[in-house]
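*Asks:* Sharing a sequence plus its predicted fold:
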Amino acid sequence: MRTFRQTHKRVFSGPQLRYTYVKMNDRLPPLTALRAFDAAARHMSFAKAAEELNVTPAALSFQIKSLEEHLGQPLFRRLNRAVELTEAGKTLAPGAAEGFEALTAAWRATRRLQDNTTLTVTAGPGLTAKWLAPRLYEFARAHPEIDLRFSATLRMLDFVRDDVDVAIRFGYGTDEGLYVLPVPPEWVTPVMSPELAERYTTPESLMEAPLIFDESIDFLDPPCDWPAWFRTQGIKFTPTHGSHFSQADHAIDAAVAGAGVALGRRGMAITDLHAGRLVAPFKTAIETKAHFRFLCAPGTENRPQIAAFRDWFVAEIEKTAYVSEAFEIIPVEDIPPP
């Protein structure tokens with residue numbers, strides 16, 4: 001019995017000690033020390049890191065030294081007027097940065113759950129200028145309790161990281177993992193000022209008209225361009241001259257000003273068509289395979305401010321649905337090839 005107890009003790013004492021050792025080394029250091037390291041690694045400067053964290057350089061240096069003592073090896077090489085990461089520092093830096101980014105995103109998302117009065121929407125500059133901005137008065141009047149914030153950009157923003165509630169996007173996106181509300185199909189058709197419409201009364205006459213090119217839809221495949229529209233009229237014509245705009249709203253504004261005839265997208269032209277500033281005399285439109293979508297993070301679609309904006313968005317689209325009903329809309333894939 002005595003031998004058995006001694007053997008039992010020897011067998012387990014080693015692994016227990018090793019387990020305790022690993023456990024102590026795996027214990028995370030204080031968050032303030034990791035934060036100091038993350039800032040110093042990003043700036044490669046203790047002084048700039050201290051300025052970011054609003055502490056003195058001495059306090060930041062102390063935090064990093066305590067972290068190195070906790071780890072048991074240096075994270076920085078201190079040079080005369082600079083610092084550089086050691087191998088251990090290079091290993092730790094990416095994970096520390098990602099960890100604080102995730103923590104910040106989670107904190108923002110948690111705080112926003114309590115905020116039912118602020119709504120941040122991102123949409124392209126063209127849609128913001130030509131569709132959203134002219135209508136926002138009605139939403140603001142109906143929902144004075146909601147503070148709207150707009151980010152007019154084509155850059156893909158992250159709902160959590162960028163504090164965005166709603167995104168309205170145009171394209172071919174699959175939008176996996178998001179709440180998606182499709183909107184009516186997007187189409188293009190020639191639009192012009194009423195004055196120009198008196199001069200160019202037939203599709204054939206457009207071959208002599210000053211044409212406007214919207215380069216923001218050059219990515220569409222199959223193309224929804226002037227040659228494609230002319231083919232819907234049985235006309236083989238590839239225009240080579242005209243005004244080119246990289247932004248859809250600029251192309252529409254030029255058409256409103258009488259500078260030419262634009263191949264206007266529904267979402268960009270419909271406000272001016274509804275108001276009579278533009279006319280679309282030829283009732284043939286090309287339906288694109290790309291489309292607008294109303295997007296938000298899953299599970300947030302019924303938050304009061306998002307639901308209110310979604311319902312308003314759908315209602316505003318319905319107000320001008322009659323414009324589309326007047327057209328023969330041809331899917332782009334049904335147009336004969338060149």
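*Replies:* Good, I have the coordinates.
*Asks:* chain center to stretch 249-256, what's the gap?
*Replies:* How far stretch 249-256 lies from its chain's middle: 24 Å, per C-alpha atoms, centre = their mean, to the nearest Å.
*Asks:* Please apply the same query to stretch 109-123.
*Replies:* How far stretch 109-123 lies from its chain's middle: 15 Å, per C-alpha atoms, centre = their mean.
*Asks:* Quick check: end-to-end length of it?
*Replies:* 20 Å (C-alpha to C-alpha, to the nearest Å).
*Asks:* Now do the same for it: mean pLDDT, whole number.
*Replies:* Mean pLDDT, stretch 109-123: 79.
*Asks:* for that stretch, which positions count as buried?
*Replies:* For stretch 109-123, a neighbour-count test (16 or more other C-beta atoms under 10 Å) marks 112, 119, 120, 121, 122, 123 as buried. Where C-beta positions appear, they are placed from N, C-alpha and C, glycine not excepted.
*Asks:* ditto for stretch 88-98
*Replies:* Those would be 89, 92, 93, 96, for stretch 88-98 by 16+ other C-beta under 10 Å.
*Asks:* So the first one belongs to a helix, correct?
*Replies:* Looking back up the chat, that one is residue 89. Yes: the assignment for residue 89 by DSSP: H, G, I helix; E, B strand; the rest coil puts it in a helix.
*Asks:* got a pLDDT number for it?
*Replies:* Listed pLDDT for residue 89 reads 95.
*Asks:* check contacts around it.
*Replies:* For residue 89, the contact set (C-beta atoms under 8 Å, 6 or more residues apart in numbering) comprises 37, 41, 74, 75, 76.
*Asks:* got the residues you listed as TSV, with pLDDT columns?
*Replies:* Formatted as TSV, these follow (pLDDT from 0 to 100):
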residue	pLDDT
37	96
41	95
74	95
75	96
76	96
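*Asks:* Among the residues you listed, which lie within helices?
*Replies:* 37, 41 (DSSP state H).
*Asks:* buried subset of the contacts of residue 89?
*Replies:* By neighbour count, with 16+ other C-beta under 10 Å, the contacts of residue 89 hold 37, 41, 74, 75, 76 as buried.
*Asks:* now, which of the buried residues of stretch 88-98 sits nearest residue 26?
*Replies:* Comparing the buried residues of stretch 88-98 against residue 26 with C-beta to C-beta picks out residue 92 as the nearest, at 13.8 Å.
*Asks:* in what helix or strand does that closest one lie?
*Replies:* helix 87-112 (DSSP states H and E).
*Asks:* Might you quantify the distance of that helix from its chain's geometric centre?
*Replies:* Its chain's C-alpha centre and that of helix 87-112 lie 21 Å apart, by C-alpha atoms, centre = their mean.
*Asks:* Quick check: what element follows that helix along the chain?
*Replies:* strand 118-123.
*Asks:* Looking at the record's assignment, how would you partition the protein?
*Replies:* According to automatic domain parsing, the chain comprises the domains 2-112, 129-338.
*Asks:* mean pLDDT for these: which is lowest?
*Replies:* Among the domains of the chain, domain 2-112 scores lowest, with a mean of 80.
*Asks:* Show me the helices in the stretch 101-250 of the chain, by range?
*Replies:* Secondary structure of the stretch 101-250 of the chain by DSSP state H, counting those that start in this stretch: the helices cover 125-127, 133-142, 194-199, 226-232, 248-256.
*Asks:* Nearest to residue 301, out of those?
*Replies:* Nearest to residue 301 among those is helix 133-142; the distance by C-beta to C-beta comes to 17.1 Å.
*Asks:* Need the contact partners of that closest one.
*Replies:* Around helix 133-142, the neighbours that count as contacts under C-beta under 8 Å, 6+ apart are 146, 148, 271, 308, 309, 312, 316.
*Asks:* do that again at 7 Å, thanks
*Replies:* By C-beta atoms under 7 Å, 6 or more residues apart in numbering, the residues outside helix 133-142 that reach it are 148, 271, 309, 312, 316.
*Asks:* And for the second one, nearest residue in space, chain neighbours not counted?
*Replies:* Looking back up the chat, that one is residue 271. Excluding its sequence neighbours, the residue lying closest to residue 271 (C-beta to C-beta, 6 or more residues apart in numbering) is residue 134, at 5.4 Å.
*Asks:* I'm done for today, thanks for sticking with me.
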